[in-house]
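Colleague: how would this look folded up:
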Amino acid sequence: MPERAVKHPLFARAYAKLAAHEDARGGFENRQELLAGLSGRVVEVGAGIGSNFAHYPAGVTEVVAVEPEPYLRARAEEAAAAAPVPVRVVEGLADALPLEDESVDAAVASLVLCSVPDQAVALAELRRVIRSGGELRFYEHVLSNRASRRRVQRFMDATFWPRIAGGCHMTRDTRGAMEQAGFMVQRSRRFPFPPGKMGIPHILGSARRP
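Modeller: Now for the predicted structure:
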């Protein structure tokens, strides 16, 4: 059991409803792109309600799905039962993954690196458990390139947003943090989501552990 309990009962229930809504607006296709071509043993950090599980390709031999929030973890266990590949849902934290060094072929971080307490520590843990040459697949919202949008994001982060959104931060430079952690970004697509002028900047791609 993690030393630090993570409980966001109101946010967790709201997120469970929002995730299905966002999948219908293009998130479904983004998740397919995120996981395409993966194989071997995979750890997914912050699995949420298990929205990714249905999209894992047949080459994946096991998914270790780490989720600290009790309500979300219970929903993930339900999704795991219907997944096309073996999925084991476990309690754990991104900054203390319950896995041995270099024990997975790939890791998946999907809309979670915004909410971990310390991004550098979480990425160091991911680097620890991924084998040399393995992949980190990422799908995250990030700091905007536009100055006006950045000001709004920073105001939200400094005031109400982390409190109502399960610790989420909108102003993180996640690609830069991955590179600082020693990952080599191989491809990264930047786009607004939901689609349109009001969409939040997202990145989706793959990085390699040397």
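Colleague: got the contact list for the lengthiest helix in the chain?
Modeller: Longest helix in the chain, counting residues (DSSP state H): helix 9-22. Outside of helix 9-22, the residues within contact range by Cβ atoms under 8 Å, 6 or more residues apart in numbering are 27, 48-49, 51, 69-72, 75, 164-166, 193-194. C-beta: built from backbone N, CA, C; applies to glycine.
Colleague: residue ranges with poor pLDDT in this protein?
Modeller: Scanning the chain for pLDDT under 70 picks out the ranges 1-9.
Colleague: Buried residues, the longest strand belonging to the chain. List them.
Modeller: Longest strand in the chain, counting residues (DSSP state E): strand 130-141. By neighbour count on 16 or more other Cβ atoms under 10 Å, the buried set for strand 130-141 is 130, 134-141.
Colleague: Just the CA trace of the longest helix of the chain, in PDB.
Modeller: The C-alpha trace of helix 9-22 is given here as PDB (Å, rounded to 0.1, in the frame of the first residue of the first chain):
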ATOM      1  CA  PRO A   9     -13.700  11.200  -4.500                       C
ATOM      2  CA  LEU A  10     -15.600  14.100  -6.200                       C
ATOM      3  CA  PHE A  11     -13.000  14.600  -8.900                       C
ATOM      4  CA  ALA A  12     -12.800  10.900  -9.600                       C
ATOM      5  CA  ARG A  13     -16.500  10.600 -10.300                       C
ATOM      6  CA  ALA A  14     -16.500  13.700 -12.400                       C
ATOM      7  CA  TYR A  15     -13.500  12.500 -14.400                       C
ATOM      8  CA  ALA A  16     -15.100   9.100 -15.000                       C
ATOM      9  CA  LYS A  17     -18.000  10.900 -16.800                       C
ATOM     10  CA  LEU A  18     -15.700  13.400 -18.600                       C
ATOM     11  CA  ALA A  19     -13.400  10.700 -19.900                       C
ATOM     12  CA  ALA A  20     -16.200   9.000 -21.800                       C
ATOM     13  CA  HIS A  21     -17.400  12.400 -23.200                       C
ATOM     14  CA  GLU A  22     -13.900  13.300 -24.400                       C
END
